[in-house]
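Fold the following for me, if possible:
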Amino acid sequence: MSQEQSNQEQSNQEQTNQEQMSQEQMSQEQTNTRNSIWRWYRPGDRLGDRPGNRFEETNERGNSNNEIILPVVISVLTDILSPHTTTLISPPDTPLFLSHETPPFSEQNMPSPERKRGRQRDNADDELLQNKSQKSEADEYSQLFLKSGKEFYFNKRDGINIILNDRLEPNRLIRNIISRVPYRLKDRLKYLAYFDSEEEEREESNKDSNEDLKTHHKKKRYDGNIKELVYEAYIKESRLRYVFKKVLALWRCHKMDKSCEIGLDPITLAEPVKKVYVYDWSNKKKFVFDAKSLATLIESKLTYQEYGFSMPLYPRNPNNNVDFTYRQLVTIYYQLKEHGELRWGFTTLKEYDFNLSRWLMYHKSALTMNSIKRSISLLDTNEDRELFSDFIFAKLEKLRFRINAIVTRYYQIAMIKDPKHWYLERLKALAITHYEGEHFGYYIDDSVDIECMEIFQKQPEFFKDLRNKKLI
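This next block holds a predicted model:
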């Protein structure tokens, strides 16, 4: 019994060894077949294209055309693999096996363009919903009806061009109201007074699915009194604007101070003694003037005249010949006042808020008389001397004194070479009185003629003095 058992065990062991050897031979044959067969593969080729073309038994993996060589098992899959598996293109040493449940290059493994379009569609839908919500919010606050009968209509741009944002003032309706505040103070007060009345309660009708009309009251769009809310938001906006304007002005002045170089005064071409600073942000420059010369220049512009007629000019910057702005004139006024260099013209111009037309309307007579007095007193131009000559020769002719070319020449020489002569000074006073009476409509010719008669009787003495001075 023991011998039979041992024989049976030996036969079983031999049978097992034979099976193992047959299996090893089969696997070795499969490996050799797989390693010996190569397919030349170009990018873009698919498995099964060009069957039987360009197959070689070679170990090369490329050629001069930069072709990619991938080993592909072309033997019968049923002889090598089980019927429940398939293989992918892979290197020979690392075969990849997948079950039939997940086929290669399936839609589950590859990114689907429909999914991408779906995500894009979702993002577009989100943006559309957001835009619709913003649009519905803008439509909700696009109009306001007060109990006083006043109606307000707003657009999507309102409520944006102000400092108050949605954090400082979350109510869109209040921001829309504040953005419509007028520029002028009178118009602002009138605009804000409209909101003493509350919002009117209005009814809206909607159609439901049953084609029935239903009315309901419109929901109130703010909490509290609209007057208090608008006034509070307006005060907050005004304070913020004042603070930001002040900060902006200081920053601009700092920038111009850094680039400014103090040189000579452009009017006197000397170093300024009492300095007046003028900032011009449009040109990004800072100008420095002498207070006395600048005050004299401004006064000469305001009292400019031709032929005794006042023709005032607006004060200009002597550096660039550009009119001073309102803010620049305000700063110049207070600096000249500090230095004690104010004149009559600039002082009165400030009373009319530096408005030249209004100032001229109220001071036209004073400017005209000032022009006449200045012209006759100085006699520094041909027009001034011509104005004075008209008065003298008119009175000589009226009082029947002899007038010829010699007398006319003597008077003209005296006006040019000796305008301060006592004889001419007395006639200047009478000429100013005469033109002043004509301007205001006073009849003073008789009194002026009597005084002129007394002066003209001393005309020979006047000519004698001119000869003594060797002027004629």
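
Would you enumerate the residues in contact with residue 301?
Going by Cβ atoms under 8 Å, 6 or more residues apart in numbering, residue 301 touches 312-316. In this view, the C-beta of every residue, glycine as well, is placed from N, C-alpha and C.

That one in helix, strand or coil?
Secondary structure, DSSP: H, G, I helix; E, B strand; the rest coil: residue 301 is helix.

and the helix or strand hosting residue 428, what does it pack onto?
Using DSSP states H and E, residue 428 maps to helix 422-440. Helix 422-440 is packed against helix 364-378, helix 382-398, helix 405-417, helix 445-456, helix 459-468, with contacts defined by 3 or more Cβ pairs under 8 Å, 6 or more residues apart in numbering; DSSP states H and E.

Quick check: which of the ones you listed is nearest to residue 237?
helix 364-378 (42.3 Å; Cβ to Cβ).

and the angle from the closest one to helix 422-440?
Helix 364-378 runs at 160 degrees relative to helix 422-440, counting by axes from the mean of the first three to the mean of the last three Cα atoms, to 10 degrees.

if we can go back for a sec, highest neighbour count among the contacts of residue 301?
For the contacts of residue 301, the largest number of neighbours (other Cβ atoms under 10 Å) sits with residue 315, at 23 neighbours.

Now do the contacts for it.
By Cβ under 8 Å, 6+ apart, the contact set of residue 315 is 297-298, 301-302, 323-324, 329, 346.

Filter those residues down to the buried ones, PyMOL style.
Remark: buried members of these, expressed as a PyMOL selection using 16 or more other Cβ atoms under 10 Å:
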select buried, resi 297+298+301+302+324+329+346
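
ok, of the contacts of residue 315, which one's closest to residue 381?
Of these, the one sitting nearest to residue 381 (Cβ to Cβ) turns out to be residue 301, at 17.0 Å.

so what's the closest one scoring on pLDDT?
The predicted local distance difference test score for residue 301 is 93.

any idea which of the contacts of residue 301 is the one closest to residue 360?
The closest of those to residue 360 turns out to be residue 312 (Cβ to Cβ; 5.9 Å).

dump the residue contacts of residue 442.
Per Cβ under 8 Å, 6+ apart, neighbours of residue 442: residue 436.

you'd agree it is in a strand?
No. With three-state DSSP as the criterion, residue 442 is coil rather than part of a strand.

Return the subset of the contacts of residue 315 lying in helices.
The helices, defined by DSSP state H, take in 297-298, 301-302, 329, 346 from the contacts of residue 315.

Need these in CSV (columns: distance to residue 195).
Listed next are the ones in helices among the contacts of residue 315 as CSV, based on distance: Cβ to Cβ, whole Å:
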residue, distance to residue 195
297, 49
298, 45
301, 46
302, 45
329, 37
346, 42
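
hang on, the earlier thing: where among the helices and strands packed on helix 422-440 is average confidence lowest?
Mean pLDDT, when computed for each of the helices and strands packed on helix 422-440, is lowest for helix 364-378, at a mean of 89.

could you point out where the stretch 1-150 of the chain is predicted with low confidence?
The stretch 1-150 of the chain contains residues with pLDDT under 70 at 1-8, 22-23, 25-141.

same deal with the stretch 251-400 of the chain?
Along the stretch 251-400 of the chain, no part satisfies pLDDT under 70.

hmm, back to that, any chance of a markdown table for the helices and strands packed on helix 422-440, columns distance to residue 350?
Below are those laid out as a markdown table (distance: least, Cβ to Cβ, whole Å):
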| stretch | distance to residue 350 |
| --- | --- |
| helix 364-378 | 16 |
| helix 382-398 | 29 |
| helix 405-417 | 37 |
| helix 445-456 | 37 |
| helix 459-468 | 45 |
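
In TSV, list these along with mean neighbour count.
Shown next, in TSV, are the helices and strands packed on helix 422-440 (neighbours: other Cβ atoms under 10 Å):
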stretch	mean neighbour count
helix 364-378	17
helix 382-398	16
helix 405-417	15
helix 445-456	14
helix 459-468	14
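
quick revisit: can you put the contacts of residue 301 in JSON lines and add secondary structure and distance to residue 240?
Formatted as JSON lines, those follow (DSSP: H, G, I helix; E, B strand; the rest coil; distance: Cβ to Cβ, whole Å):
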{"residue": "312", "secondary structure": "coil", "distance to residue 240": "40"}
{"residue": "313", "secondary structure": "coil", "distance to residue 240": "40"}
{"residue": "314", "secondary structure": "coil", "distance to residue 240": "34"}
{"residue": "315", "secondary structure": "coil", "distance to residue 240": "34"}
{"residue": "316", "secondary structure": "strand", "distance to residue 240": "36"}
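
Let me have these in JSON lines, extended by distance to residue 399.
Formatted as JSON lines, those follow (distance: Cβ to Cβ, whole Å):
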{"residue": "312", "distance to residue 399": "37"}
{"residue": "313", "distance to residue 399": "40"}
{"residue": "314", "distance to residue 399": "44"}
{"residue": "315", "distance to residue 399": "45"}
{"residue": "316", "distance to residue 399": "46"}
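
quick check, nearest of those residues to residue 149?
Among those, residue 314 lies closest to residue 149 (Cβ to Cβ), at 45.6 Å.

isn't that closest one right up against residue 355?
No. Look at residue 314 against residue 355 with Cβ atoms under 8 Å: they stay out of range, at 10.1 Å.

picking up where we left off before, ok, which of the helices and strands packed on helix 422-440 comes nearest residue 158?
helix 364-378 (45.7 Å).

Now do the closest one: which elements does it pack against?
Packing partners of helix 364-378 (3+ Cβ pairs under 8 Å, 6+ apart): strand 305-306, strand 309-310, helix 382-398, helix 422-440.

One more pass at 10 Å, please.
strand 305-306, strand 309-310, helix 344-351, helix 382-398, helix 422-440 (3 or more Cβ pairs under 10 Å, 6 or more residues apart in numbering; DSSP states H and E).

which of the contacts of residue 315 sit farthest apart?
323 and 346 (14.4 Å).

Confirm that residue 286 sits in a helix.
No. Counting by three-state DSSP, residue 286 is not found in a helix; it is strand.

how many other residues sit next to it?
So residue 286, with other Cβ under 10 Å, has 19 neighbours.

again, but for residue 13
Neighbours of residue 13 (other Cβ under 10 Å): 10.

swap in residue 470?
6.

tell me the phi and psi of it?
Backbone geometry at residue 470, expressed as degrees, to the nearest 10, gives phi 60, psi 40.

Against residue 419, how distant is it?
17 Å (Cβ to Cβ, to the nearest Å).

Quick check, residue 151 in contact with residue 199.
No. At 11.1 Å, residue 151 does not count as touching residue 199 under the criterion of Cβ atoms under 10 Å.

the more surrounded of the two?
Ranked by neighbour count (other Cβ under 10 Å), residue 151 and residue 199 place residue 199 first, with 16 against 10.

Just the pLDDT for that one.
Looking at residue 199, the pLDDT reads 70.

separation between it and residue 192?
16 Å.

again, but for residue 257
From residue 257 across to residue 192, the span is 39 Å (Cβ to Cβ).

what does residue 144 give?
14 Å.

Check residue 340 too.
Using Cβ to Cβ, residue 340 is found at 43 Å from residue 192.

Comparing these two, which shows the higher neighbour count?
Neighbour totals were compared for residue 340 and residue 192, and residue 192 leads with 17 against 10 (other Cβ under 10 Å).
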